[in-house]
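> After the sequence you'll find the predicted model.
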Amino acid sequence: MIETLQAIVLRPTLFQDGGLVVSFLTEHGERKVGIAKGAKKPTAKWVSAFEPLSLVRVGFFGKEQAELRRVTRCELQHSPLTLGHLESNLVMACLADIFDRVAKEGVEDERLFRLLSACGRALKDHPDRAMSILAYAEHWLLHCMGLLPHSRVCGACGEEAAPIVMLSEDHGWRCADCTPMDPAKALPAGIREHLRILRTCSAEDAPDSRPEAARACTELLRNRLMKELGGELRSYEVMRRMVM
């Protein structure tokens with residue numbers, strides 16, 4: 001059986017005889033894995049198509065329920081790679097890493113494909129805003145996973161105007177009116193507004209990640225995501241050492 005899909009490359013792993021085992025996020029939001037024989041050989045016609053976050057048209061051959069099928073074609077349609085832009089390329093690796101962990105084989109969630117493709121286009125057009133785009137993706141991944149409550153109201157008292165001071169396991173976002181906290185430990189002012197912008201903007205308009213509220217929110221949500229994924233990923237360790 002041959003199946004042809006639009007997909008985004010996630011993780012290419014070296015295999016025997018110059019081949020690659022490649023994971024993809026399909027247009028249906030499902031993770032699929034295929035083996036591309038000879039893909040790393042200098043004469044391979046598709047060698048440039050397996051860069052992480054590349055949008056491709058990929059063909060799979062094999063039984064429908066097989067865990068590993070053969071890649072018969074892989075045509076590059078779009079790549080967010082920006083030569084010489086370290087920060088953007090590191091963010092690409094992080095995005096590929098987290099989506100490779102979140103997407104599941106046999107489980108379709110089209111939101112994942114729409115989110116990652118939007119982030120890929122935004123990275124290509126705005127490589128200097130790579131960190132903001134990564135924070136945007138992390139926020140929406142948590143939302144897709146059902147781990148991020150809405151910030152419009154306090155989860156404990158229902159207050160809509162008081163500043164948000166923390167994110168709790170039991171009540172979600174909590175406000176200053178019902179949760180007295182040491183100012184040194186509370187989230188800074190502006191968290192609710194930052195979350196509102198993240199929820200309503202596009203990837204290419206992701207808010208600046210440098211202001212205090214944005215930095216605090218990004219760190220909080222990133223830690224929550226990494227905890228869910230079992231700890232800090234290798235790509236994040238590399239990014240932290242090189243640019244943060």
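Yep, that arrived.

> make it CA atoms for all contacts and neighbour counts henceforth
OK.

> okay, now the domains of the protein?
1-79, 82-244 (automatic domain parsing).

> Nearest spatial neighbour of the spatially most central residue of the chain, chain-adjacent residues omitted?
By CA atoms, centre = their mean, the mean C-alpha position of the chain lies nearest to L95, the distance being 4.0 Å. Excluding the flanking residues, the one nearest L95 by CA to CA, 6 or more residues apart in numbering is L134, at 7.1 Å.

> Contact partners for the one you found?
Taking CA atoms under 8 Å, 6 or more residues apart in numbering as the criterion, L134 is in contact with 91, 95, 119.

> continuing past the helix or strand hosting it, what's the next helix or strand?
Assigning secondary structure by DSSP states H and E places L134 in helix 130-144. Next helix or strand after helix 130-144 toward the C-terminus (DSSP H and E): strand 164-168.

> which residues touch that following strand?
Strand 164-168 is contacted from outside by 154, 173-176, 179, 181, 186-189, 191-192, using CA under 8 Å, 6+ apart.

> quick revisit: can you name the residues that contact the residue nearest to the centre of the chain?
Contacts of L95 (CA under 8 Å, 6+ apart): 53, 116, 134, 137.

> Pull out the buried positions in stretch 18-30.
19-30 (16 or more other CA atoms under 10 Å).

> List just the nearest of those to H150.
Nearest to H150 out of these is G29 (CA to CA; 23.3 Å).

> Looking at the buried residues of stretch 18-30, which are in strands?
19-26 (DSSP state E).

> Number of residues surrounding L55?
29 (other CA atoms under 10 Å).

> mean pLDDT lowest for which of the domains of the chain?
Note on the domains of the chain: lowest mean pLDDT is at domain 1-79, with a mean of 86.

> hmm, back to that, could you point out which of the contacts of L134 is nearest to M239?
Of all these, V91 has the smallest distance to M239: 7.5 Å, by CA to CA.

> Would you map the strands across the protein?
Under DSSP E, the chain gives strands at 2-15, 19-26, 31-36, 55-61, 69-78, 164-168, 172-175.

> Go through those strands and name the closest to L221.
Nearest of these to L221, taken as CA to CA: strand 164-168 at 9.4 Å.

> Give me the sheet partners of that closest one and which way each runs.
Paired strands of strand 164-168, with direction, are strand 172-175 (antiparallel) (DSSP bridges).

> Alpha carbons of the strand it pairs with, as PDB, please.
The C-alpha trace of strand 172-175 is given here as PDB (Å, rounded to 0.1, in the frame of the first residue of the first chain):
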ATOM      1  CA  GLY A 172      -5.200  27.000  37.600                       C
ATOM      2  CA  TRP A 173      -4.400  30.700  37.400                       C
ATOM      3  CA  ARG A 174      -4.900  32.400  40.700                       C
ATOM      4  CA  CYS A 175      -5.200  36.100  41.500                       C
END
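
> if we look at it, which residues are touching it?
Contacts for strand 172-175 (CA under 8 Å, 6+ apart): 148-151, 153-157, 159, 162-168.

> buried subset of the residues you listed?
Buried among those by 16+ other CA under 10 Å: 148, 151, 153-156, 159, 162-167.

> farthest-separated two in these?
L148 and A162 (19.0 Å).

> What residues of stretch 224-236 count as buried?
Those buried within stretch 224-236 under the rule 16+ other CA under 10 Å are 224-225, 235-236.

> Okay, and which of those residues map to helices?
224-225, 235-236 (DSSP state H).
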